[in-house]
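Any chance you could fold what I've pasted below:
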Amino acid sequence: MAAALSLLALAGSVVGSPLRAPAVSVVAPVYHSGWYPLAVPSQDERVTVVFAAKQQNTDALTTFVAEVSDPVHPKYGQYMTMSEVNAFTQPKAEDVATIVDFISTVCAPEVDAIQGMVSCDMSVADAEALFNTEFRRFTQVATGQSVVRAKDYEIPAQVDVAMDAVFGLHGLPLPPKSRMTSAGPGMPPAVTPEVLYNAYNIKGVKPTGSTANRMAVAEFQGQFMNASDLKVFFQKYVPSSPASDAEVYKFHGGSQNGDGIEAELDIQFIMGTAPGIKAEFYEQANMDFCADLKNWTTLLLSDSDSPKVHSVSYGWQGNLTQIGCKDDEVTAIDADFKKLASAGVSIIFASGDSGSGYAPPTPPEPGQCSRTEPGTKATAYTGEILKNLTIGVPPSQPLEGVWICCQIAGEEGAGEGYAGWTYQPRKCAPNKPCEADCIILKTITGKTHKMGDYGGKATSAPPTPPPKVKVNLFPSWPASSPYVTAVGATRFINDVVGGPEAAVSNEDHFGSGGGFSPWAFLEGTTYAKTATDHYLRTVDPSTLPPAADVPKDGRATPDVSALGTGYAVVSDGKPIPGGVGGTSASAPVFAAIVALLNEARVQAGKPVMGLISPFIYTHPAAFTDITVGSDKVGRGGGVLEYGYNCSAGWDPVTGMGTPKFDELLKAAMAVVA
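Numbering: from 1, shown residues only. From the prediction side, this is the model:
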């Protein structure tokens, strides 16, 4: 605290203009998935920029985590306290001071010297001057989500070397999470806590309700739970538990009376699977997924008594540049996961719902969308209108708006058979950004001619990509961090409750996310190598994607699986017809199982499980191997051209399989530590 106060005092004493040279240039990501810079924000609009100062000794933690997480190592379970982790990795005071010195010219920053987080709320005008950039309001056309983000920007060289990452200048929120239900004919059987107890033999641990063992869920898309629904859920499905078991122990930034189906699913099933263990609820805003993750991990690391198990049902299964997550941001978050593992914290992530994450090659950009000559000058086409959008136009760069309109027409109109587009600037109001109409046309019946207008016709389909194109397969991140445990999804074969399980399939409208991480800047794993090597050595190679496109040394996911269909979630006081599905259902169930193992160990005076993935791979007999199914299923149920099949032993669809709780408990209690 004293360090933080001294830095705040320093911030108030610094005067002068922002440092400018030498500088490091950061190029803005090319956003996809329907995000467009549709407006120029007001110079008075506020933006929040957060710097993460360079942490120390994070590389040294790699060996430490490997040792304390390995159940056959003499140091197993000998974790650091959170305070020890923070002291070991705390950024240098001079690095934090360098960052504060840079931004204190435009704000009085909030400083967490222990975690090295420096936050500054500033106007767009100040941010543009400080970072030598311009801001635009990016809007997701389909969902209406909107954020203010920078174009290319600059960071002084001395600040760049003092930090791990900066958040808030680039980066997008995740798209709203769609509800995966199966109402109607052929709906899966209802999965309740009782079904889970029986399927996985969950018994033999009696929680005491002690604060020494707690679990939590984290929400990242503005999702809130509902306390009334939680009570109804317990009354209906866990009737033997006392009323106190249906109460969340602590909230962190969230509300007790929301209506988010994901949040309802997470909290109801982590608590319903492990009734009696105290649960906490973390809620993060939905503005920038990487920034929100970093804020959440900072909260956990700043709490000397954080819950020991956390379930997270969010992630991105695709190229991380699509949501503006830069490599340095991902690396900084991954380092926090490593720090949490050093303190014995288990982080459980859903492995994703897009199967192998196969992404077809992106076709070439239509030639008409040239930045220098987009469309035909002084021409406005008329006809049947598909969409009419308002876009912002910087007065100094009028062609930017034309190019944006052309891009929107090509990407948003292609699936609807658009014929062309028209760009018509409006008269600029004094001291306000200019605006223009971007009109996407279904048909073209005529045209007019006026200076300032632009128009273009739909081009013919771009050429088919050449046959030898790299096959991009994307497992979900952060599930593919080596310091978290990834959970895939299964279903009852032929919907026979209590019977054998297979990987989820097309009829479930999603695929169990998995594969090999392509992100070389993230660490791989050693604990899963024997299992993954066995898979690659024994699987029929004809079922695999092209060998050159499988990053065999990348982090392999998932680690385990659990049922992922038909979850009987209570919303608005009653169960949702058909239930809810996804790996986001599987994750809180496995997190609850880890919490129950912790409960048994804590009662016996043993340390908690911590990073449980190495334990999983050293105890294959504690899991039911899933050998039926594949992950060649996308979100929505579509068939993917490339992916993986279930196989004997570990596979990239269901991992090591589904849990046998009695065997897990026996193995957990037999470990010496």
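
Only C-alpha atoms from now on, for both contacts and neighbour counts.
Noted.

all helices for the stretch 401-550 of the chain, in order.
529-538 (DSSP state H, counting those that start in this stretch).

what ranges do the strands span in it?
Counting by DSSP state E, counting those that start in this stretch, the stretch 401-550 of the chain has strands at residues 420-425, 434-441, 446-448, 454-457, 472-473, 485-492, 501-503, 515-516.

what stretches of the stretch 351-500 of the chain score poorly on pLDDT?
360-368, 370-373, 395-396, 430-433, 459-469 (pLDDT under 70).

can we see that at 90?
By pLDDT under 90, the weakly predicted segments of the stretch 351-500 of the chain are 358-377, 387, 389-420, 426-436, 451-452, 456-472.

Could you do the stretch 51-200 of the chain as well?
139-145, 175-187.

Tell me which of the strands of the stretch 401-550 of the chain lies nearest to residue 90.
Closest approach to residue 90 among the strands of the stretch 401-550 of the chain (C-alpha to C-alpha): strand 485-492, 25.6 Å.

neighbouring strands for that closest one, and are they parallel or not?
Sheet pairing for strand 485-492, assigned by DSSP bridges, gives strand 346-350 (parallel), strand 501-503 (antiparallel), strand 560-563 (parallel).

what about whichever helix or strand comes after the last one, average pLDDT?
So the one you mean is strand 560-563. As assigned by DSSP states H and E, the chain's next helix or strand after strand 560-563 is strand 570-571. For strand 570-571, the mean pLDDT works out to 96.

Which strands or helices does strand 570-571 pack on?
helix 227-237, helix 261-273 (3 or more C-alpha pairs under 8 Å, 6 or more residues apart in numbering; DSSP states H and E).

What residues sit buried inside the first one?
What it means is helix 227-237. Residues 227-234 are the ones in helix 227-237 that count as buried (16 or more other C-alpha atoms under 10 Å).

The closest residue to residue 609 other than its chain neighbours - how many residues pack around it?
Nearest non-adjacent residue to residue 609, counting by C-alpha to C-alpha, 6 or more residues apart in numbering: residue 598, 6.1 Å away. Residues near residue 598, counting by other C-alpha atoms under 10 Å, number 28.

In TSV: the buried residues of helix 227-237, plus pLDDT.
Output for the buried residues of helix 227-237, formatted as TSV (pLDDT from 0 to 100):
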residue	pLDDT
227	94
228	95
229	96
230	97
231	97
232	98
233	98
234	98
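
Output the residues you listed as TSV; include the columns distance to residue 564.
Putting these into TSV (distance: C-alpha to C-alpha, whole Å) gives the following:
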residue	distance to residue 564
227	23
228	24
229	21
230	20
231	23
232	22
233	18
234	20
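
Just give me the closest of these to residue 113.
Distances from residue 113 to these, taken by C-alpha to C-alpha, are shortest for residue 227, at 35.9 Å.

and the end-to-end length of stretch 135-154?
With C-alpha to C-alpha, to the nearest Å as the measure, the ends of stretch 135-154 fall 13 Å from one another.

let me redo that: stretch 219-238
24 Å.

Name the residues of stretch 210-230 that come out as buried.
212-221, 223-230.

is it true that residue 337 touches residue 483?
Yes - using C-alpha atoms under 8 Å, residue 337 makes contact with residue 483 at a distance of 5.6 Å.

Between the two, point out the one with more neighbours.
The neighbour count for residue 337 versus residue 483, taken as other C-alpha under 10 Å, is higher for residue 483 (31 against 24).

contacting residues around the more buried one?
Taking C-alpha atoms under 8 Å, 6 or more residues apart in numbering, we find residue 483 in contact with 334, 337-338, 341, 347, 611.

With residue 251 instead?
Here residue 251 is in contact with 280-282 (C-alpha under 8 Å, 6+ apart).

cutoff 10 Å now
216, 279-283 (C-alpha atoms under 10 Å, 6 or more residues apart in numbering).

Residue 69 too?
63, 75-79, 341-342, 344, 527, 609-615.

which residues in the stretch 151-300 of the chain form strands?
Under DSSP E, counting those that start in this stretch, the stretch 151-300 of the chain gives strands at 153-156, 163-167, 214-219, 250-252, 278-283.

quick one: residue 511 and residue 634 touch, right?
Yes - with contact defined as C-alpha atoms under 10 Å, residue 511 and residue 634 form a contacting pair (5.5 Å).

if I look at those two, which residues touch both of them?
With C-alpha under 10 Å, 6+ apart, residue 511 and residue 634 have common neighbours 353-357, 505, 640.

now those in CSV, with distance to residue 488, neighbour count and secondary structure?
Listed next are the shared contacts of residue 511 and residue 634 as CSV, based on distance: C-alpha to C-alpha, whole Å; neighbours: other C-alpha atoms under 10 Å; DSSP: H, G, I helix; E, B strand; the rest coil:
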residue, distance to residue 488, neighbour count, secondary structure
353, 9, 32, coil
354, 11, 31, strand
355, 9, 36, coil
356, 11, 34, coil
357, 13, 30, coil
505, 12, 23, coil
640, 17, 19, coil
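
May I have the secondary structure class of the residue nearest to residue 609?
At residue 598 the chain is in helix, as set by DSSP: H, G, I helix; E, B strand; the rest coil.

quick revisit: out of the contacts of residue 69, which end up buried?
So, by 16+ other C-alpha under 10 Å, the buried ones in these are 75-79, 341-342, 344, 527, 609-615.

Go through the residues you listed and name the one nearest residue 403.
Taking the buried ones among the contacts of residue 69 together and measuring to residue 403 by C-alpha to C-alpha, the closest member is residue 341, at 47.0 Å.

how far away is the nearest residue to the closest one once chain neighbours are set aside from residue 90?
Distances taken as C-alpha to C-alpha, 6+ apart put residue 611 closest to residue 341, at 5.5 Å, once the chain neighbours are dropped. In this view, residue 611 and residue 90 are 22 Å apart by C-alpha to C-alpha.

do the same with residue 53
According to C-alpha to C-alpha, residue 53 and residue 90 sit 9 Å apart.

How about residue 319?
Using C-alpha to C-alpha, residue 319 is found at 31 Å from residue 90.

what's the answer for residue 152, then?
30 Å.

and what of residue 67?
Noted for residue 67: a distance of 22 Å to residue 90, by C-alpha to C-alpha.

for residue 295, same thing?
Separation of residue 295 from residue 90 (C-alpha to C-alpha) stands at 16 Å.

Can you measure across stretch 284-294, start residue to end residue?
Note: stretch 284-294 ends 10 Å apart using C-alpha to C-alpha.

let me fix that: stretch 412-420
Stretch 412-420: ends 12 Å apart by C-alpha to C-alpha.

Please apply the same query to stretch 237-250.
Across stretch 237-250, the terminal residues are separated by 23 Å (C-alpha to C-alpha).

Between residue 511 and residue 634, point out the one with more neighbours.
Legend: neighbour count by other C-alpha under 10 Å for residue 511 and residue 634, higher for residue 511 (36 against 24).

hey, what's that one bridged with?
Beta-bridge partners of residue 511, as defined by DSSP bridges: residue 354.

any idea which of the buried residues of helix 227-237 is closest to residue 569?
residue 233 (7.5 Å).

mind listing what the closest one touches?
Residue 233 makes contact with 192-193, 227, 239, 246, 264, 268-269, 272, 568-571, 573-575, according to C-alpha under 10 Å, 6+ apart.

And for residue 526?
Each residue near residue 526 by C-alpha under 10 Å, 6+ apart is listed here: 66, 482, 553, 555, 614.

Count the neighbours of the fourth one for me.
So that's residue 555. There are 26 residues near residue 555, going by other C-alpha under 10 Å.

could you list every residue that touches it?
Contacts of residue 555 (C-alpha under 10 Å, 6+ apart): 475, 479-482, 515-520, 522-526, 528-529, 532.

Check the first one too.
Contact partners of residue 66, counting by C-alpha under 10 Å, 6+ apart, are 73, 75-76, 341-342, 483, 525-527, 611, 614.

Among those residues, list the two that are farthest apart in space.
Across the contacts of residue 66, the longest distance by C-alpha to C-alpha is 18.6 Å; it joins 75 and 525.

ok, how many other residues are close to residue 605?
Neighbours around residue 605, by other C-alpha under 10 Å: 10.

which element is it on?
Per DSSP H and E, there is no helix or strand for residue 605.
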